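Engineer: Pasting the sequence and the predicted coordinates here, then a few questions.
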Amino acid sequence: MIELLIYAALFVIIGAAASSFFIQISNLAETSRRSRESLDNARSAMSVITQEIKHATTVYTPTSVFGSNPGQLSLETTRDLPADEDTTYVDFYVDDQGIYIKRESSPAQLITSEKINVTELQFIYLNGSTGEPAVQISLTVEYADQILGPKTPVSLESTAALRSY
């Protein structure tokens, strides 16, 4: 009878250790997935913004907000023109912790996942006297649902020059 109790106690101890190990592995995998999803969203948003900057003809400074968080970027472009127009405008801004793109005469579109919160979006206008104008972008995002673990923010920074200038 004593041997049976000892075997049962050992079985419980080994089971508890194994289940604790599997729970830690599961939490680590979930944290990794969230970090990867945050990074993928940040990269995608950064790509959309830089492509629009590269194809823009000018930075529309009256409605752009530079050097503060959240910033706004307004561009004059010849891409996706409305009928009977020579140029159009496209804006990037943060609303309800997501990045939106708004084209003239079109509804705004969310370019980040609803699972991602944008904690920083800042634009700096670089208008050098010898080169093409450029915009520096600073972006920080984190996974929106933080119930299972700590926040793991992802920060990206990029600079894009206007090529249509």
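Structural biologist: Done, it's in.

Engineer: Pretty sure G67 sits in a strand.
Structural biologist: No: looking at G67 with DSSP: H, G, I helix; E, B strand; the rest coil, it is coil, so not inside a strand.

Engineer: list the contacts for it?
Structural biologist: Q122, F123, I124 (Cβ atoms under 8 Å, 6 or more residues apart in numbering). Backbone N, C-alpha and C define where each C-beta goes, glycine included.

Engineer: List the contacts of the first one.
Structural biologist: Applying Cβ under 8 Å, 6+ apart, we find Q122 in contact with G67, S68, N69, P70, G71, I137, S138, L139.

Engineer: Could you do the second one as well?
Structural biologist: For F123, the contacting residues are S64, V65, F66, G67, G71, Q72, L73, V135, Q136, I137, S138, taking Cβ under 8 Å, 6+ apart as the criterion.

Engineer: and the gap between it and L10?
Structural biologist: 62 Å (Cβ to Cβ, to the nearest Å).

Engineer: Name the residue closest to the centre of this protein, please.
Structural biologist: A42 (2.8 Å; Cα atoms, centre = their mean).

Engineer: Restricted to buried residues, select the contacts of Q122 in PyMOL.
Structural biologist: Buried residues among the contacts of Q122 (16 or more other Cβ atoms under 10 Å), as a PyMOL selection:
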select buried, resi 70+71+137+138+139
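
Engineer: which of the contacts of Q122 lies closest to N27?
Structural biologist: L139 (26.9 Å; Cβ to Cβ).

Engineer: if we can go back for a sec, does anything pack onto the one helix or strand the residue nearest to the centre of the chain maps to? Which helices or strands?
Structural biologist: Assigned by DSSP states H and E, A42 belongs to helix 2-55. When contacts are defined as 3 or more Cβ pairs under 8 Å, 6 or more residues apart in numbering; DSSP states H and E, helix 2-55 packs onto strand 73-77, strand 88-95, strand 98-103, strand 116-126, strand 134-143, strand 154-161.
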